[in-house]
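# dropping a prediction and its sequence here:
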Amino acid sequence: MSGAETHTTGRILKAHRSLTYGLGRRMTMYFGLMIGAFVTTLIYLNTITQLELVHTRFSERSDSLGILIQEVTLPYLFDNRPAELDIIYQELMRQPDILSLKFVDPEGYLLVNGASDGNALFLGRTEDPLVELALASETTQIVSEDDRIQVAVPALYGNVNYGTIRFDLDGSAANREVDLVLRRNLMFGVFFTLTGILLSVWISRRLTEPLARLNSATERAAKGNLNQSIVIRTNDEVESLAESFNLMLGNLRAWVKSLEDTQTKLEVSGRDLNAKNTELQVAVEQAKAAEKAKSQFLARMSHEIRTPMNGVLGMSELLADTDLSPNQHSLLESIHSSGSTLLHIINDILDFSKIDSGHMTIRETRFRPIDVIEGPAQMLAFQAAQAGVDILTRVEPDLPLTLLGDDARIQQVIINLVGNALKFTDDGYVLINATRKQEVEGEMLQIDVCDTGVGIPEESLSAVFDQFTQVDGSYSRKHQGTGLGLAIAKGFVELMGGRIWVKSELGTGTTFSFNIPIRTPDSKLPEQHIHTADLHNAKILVLQPEPTALFVMNEVLSEWNAQVATFSSPQDACAALQTAQSDGAPFDVVLTETKFTDFEEQKLRTDLDTALAGAATRVIAIRPIEDALVTEHHGVCTYDGELLKPVQTSKLLQAVQPENPAIHNDPQSEAENQRASPKTNARETIAEELSIAGSNKTILIVDDNKTNRRLIEIFLSRLGIPFLSANDGQEAVTQFEKAHPDLVLMDVSMPVMNGLDATREIRKLETHSGAQPSHIIGLTAHSAPEDRQACLDSGMNAHMAKPIKLNQLREVLRGI
Ligand code: ATP
Ligand code: MG
């Protein structure tokens, strides 16, 4: 399509659109066309009818005139009196509308011409086609031409045609009538069409005007003018549309109003919110500052309290070495135990505040699951013995030998849980069970601490992990505590990526479980023989009253390829021993506990001997830990070996292996067992201390706290080790330059120069002079991993948490 064509089409479309746009215009057009067509058709039909009528009327007149003339004519023709006929014709022609009147005979000769000329007859032949037509058809012929109506009437009588009457009538009247009809109908047509158009305009206006009003109202509403209403009284759909429109506008107004109200409210609340936010921010800042201040305060306080505690505990230990009456001893024990409890609480509060403020960090080291399970068991052995409860430990053989994690924190959690279990269990056992579990999060190390204690009521279960919460919070409660233990345990476990939960049945017991993800180190620790031990099918009989203890023992020994028979009653065990003996397959080892209800140890020993009947079976006793403190017991029954509860796996292996026949004289194990107990036999300890005396090592003690310094000085004097003292880091550096001590015990927080800076100075001096580096041990009240790390970073060799124990110092001196 060319450009010009497109332009034209566009113009036409535009014109069409402008012409047909709008309902009113379109209705007018359609109505107009319809009315026009209708009126035209009507007028046309009317005109035709009227013309027909005019024509018929004139035809009829012609016919009747023809008949009349014929009636008049025929007698004259019969009588052959044409002249008279002519006269009659002349008379007839006086009729105003008759223009001519003739009679033509059948041969075409004019017989009468209606004129008074006297020559009426046989005037001549006429050539008139109309006459010929009438003659031929024998019917009246009428032709209208111009203003004349030509008529030819055949004069018939019987079967004879006497000729043709031929007359012309004046047609102008007919024409005038036709004109009149046409003009009148045209006028009517125009009038009706115009009226029709006007009517259609009026109707379409009437119909579309409310719509147009609605339309403009809608447009105004669309532009935002909602404060209007429209009144239409048409009693039809448009009226109800208008009402709906008004209703809609009303609703819209209400909504807009409520929207505006809401907006205003929002603005107000937004302002309030902003103000609140600002307040909140200030409050958060204040809270943070308060939190920081609290943490700092707690850290400082715990440090400040721990430092004198060091003195209190150390001095009380020293005092225990002196000659005291039994009463004084027991008072001193109370002082020591209260001091230890206080220190424990302070440590708990510090841990809790650190977890709470997000300052607690988790170390990652290699550890052996067996150590983290058996360590706490050993530590709490004496407490368990006092409570009359056995601690059992089990490490599932499935667990990897070494794992990665914070063993110290895991142990802390276990100690907390076992400590609780011992508090709330009067008899039975506490089992620490480490297993490997597949959870959705991955492989987990799960540790359960099950007890056979009082249990926790269902409704209190959810609250036990909350801080400062105790099931029995009354002042009269049996067990003391701050209610922080489980909150701390939960904090640690969650920090290590695990979770902790509890199940309990009142009167039956409680199981606290926690898990942490299993992560194994890339390289394994050198294989420990306890895991690969092989007892070469040695026959072992285990006699323990507690079925769970038997189960654990059976599992461990079976793991080492032993043939295990377990018994909970001495009679059954003795019977089994006898049977084995008589079968010629005696047991290699008997592991037996010493305390059975209704069965004296002495009798048990005798019965066993009788049953063994001199066989080479080794009998190893599993004793409660308190037996280790009462030396007189040893004289009563003798065994081939002795193990203390809770039995350590390594010790068990040593005891049952044939190549390690006896362990009851193992000084190391005795010492360790004694260490687990605060009821240390002081005199023996002093003797051991002195055993390393005589070494001529110089020690520099650096501490700003006089009591602490004095305490260490007394320790060292006892050990006969020469020492120097310094009050702060500066003094320590000066002393070091002078004396070059072998060991420096360096307090960390000190005035003038702190221990970390002093260590750096000392290390610098050593590098400068090329001297052998001395051993520097940091002493801090904080025992957190980061404190330890700060000490090592400054150049110290190790770190010790205050208060320093005699044993620790001795170990250190051994090490250098
Ligand atoms: P803290 O541990 O600070 O010295 P605590 O032992 O009272 O004090 P949690 O260790 O937090 O505090 O224990 C909270 C409470 O949960 C306990 O007081 C006790 O009521 C209940 N509970 C904990 N362990 C056991 C358990 N093994 N058997 C019965 N009740 C328990
Ligand atoms: Mg507790």
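Ah, there it is. Ligands and ions are numbered 1, 2, ... in the order given.
# what residues does the stretch 351-500 of the chain have near ligand 2?
N420, G485 (Cβ under 5 Å from the ion). (Glycine included, C-beta is placed from N, CA and C.)
# can you list the residues of the stretch 351-500 of the chain near ligand 1?
Residues of the stretch 351-500 of the chain found near ligand 1 (Cβ under 6 Å from any ligand atom) are 420-421, 424, 451, 453-454, 456, 464, 469-472, 481-487.
# rerun at 8 Å
416-417, 419-421, 423-425, 449, 451, 453-456, 460, 464-465, 467, 469-473, 477, 479-489 (Cβ under 8 Å from any ligand atom).
# check those for burial and list the buried ones.
416-417, 419-421, 423-425, 449, 451, 453-456, 460, 464-465, 467, 470-471, 481, 483-489 (16 or more other Cβ atoms under 10 Å).
# pull the longest helix from the protein.
helix 237-321 (DSSP state H).
# can you name the element that comes right after that helix?
Sequence order places helix 326-356 as the next helix or strand after helix 237-321, per DSSP states H and E.
# up against ligand 2, what does the chain have?
Checking the chain against ligand 2 by Cβ under 5 Å from the ion, the hits are N420, G485.
# any idea which helix or strand in the chain has the lowest mean pLDDT?
helix 667-675 (a mean of 37; mean pLDDT, DSSP states H and E).
# avg pLDDT for the longest helix of the chain?
Regarding helix 237-321, the rounded mean pLDDT is 85.
# so what does that helix touch, helix or strand wise?
helix 172-222, helix 326-356, helix 682-691, helix 706-719 (3 or more Cβ pairs under 8 Å, 6 or more residues apart in numbering; DSSP states H and E).
# highest mean neighbour count out of the ones you listed?
Ranked by mean neighbour count, those are led by helix 706-719 with a mean of 18 (mean count of other Cβ atoms under 10 Å).
# show me what that helix is packed against.
Helix 706-719 packs on helix 237-321, helix 682-691, strand 699-702, strand 723-726, helix 806-815, going by 3+ Cβ pairs under 8 Å, 6+ apart.
# please list the residues of the stretch 501-650 of the chain that sit near ligand 1.
V502, S504, G509, T510, F512.
# how about residues contacting the helix or strand hosting the last one?
Spelled out, it's F512. Assigned by DSSP H and E, F512 falls within strand 509-517. Contact with strand 509-517 is made by 405, 410, 413, 417, 420-421, 424-425, 428, 437, 439, 441-453, 455-456, 486, 489, 493, 496-504, as judged by Cβ atoms under 8 Å, 6 or more residues apart in numbering.
# can you name the residues that contact the closest residue to ligand 2 within the chain?
Distances between the chain and ligand 2 by Cβ to the ion are smallest at G485, namely 2.7 Å. Residues in contact with G485 (Cβ under 8 Å, 6+ apart) are D348, N416, G419, N420.
# quickly find the element holding the third one.
The secondary structure element spanning G419 is helix 407-423 (assigned by DSSP H and E).
# just checking, next helix/strand downstream of that helix?
strand 428-439.
# next secondary structure after that following strand?
strand 442-451.
# which of the contacts of G485 lies closest to ligand 1?
Using Cβ to the nearest ligand atom, N420 comes nearest to ligand 1 of these, at 3.4 Å.
# ok, that closest one touching L486?
Yes: if you go by Cβ atoms under 8 Å, N420 and L486 touch, sitting 7.3 Å apart.
# thinking again about what came up before, so which of the helices and strands packed on helix 706-719 comes closest to ligand 1?
helix 237-321 (14.9 Å).
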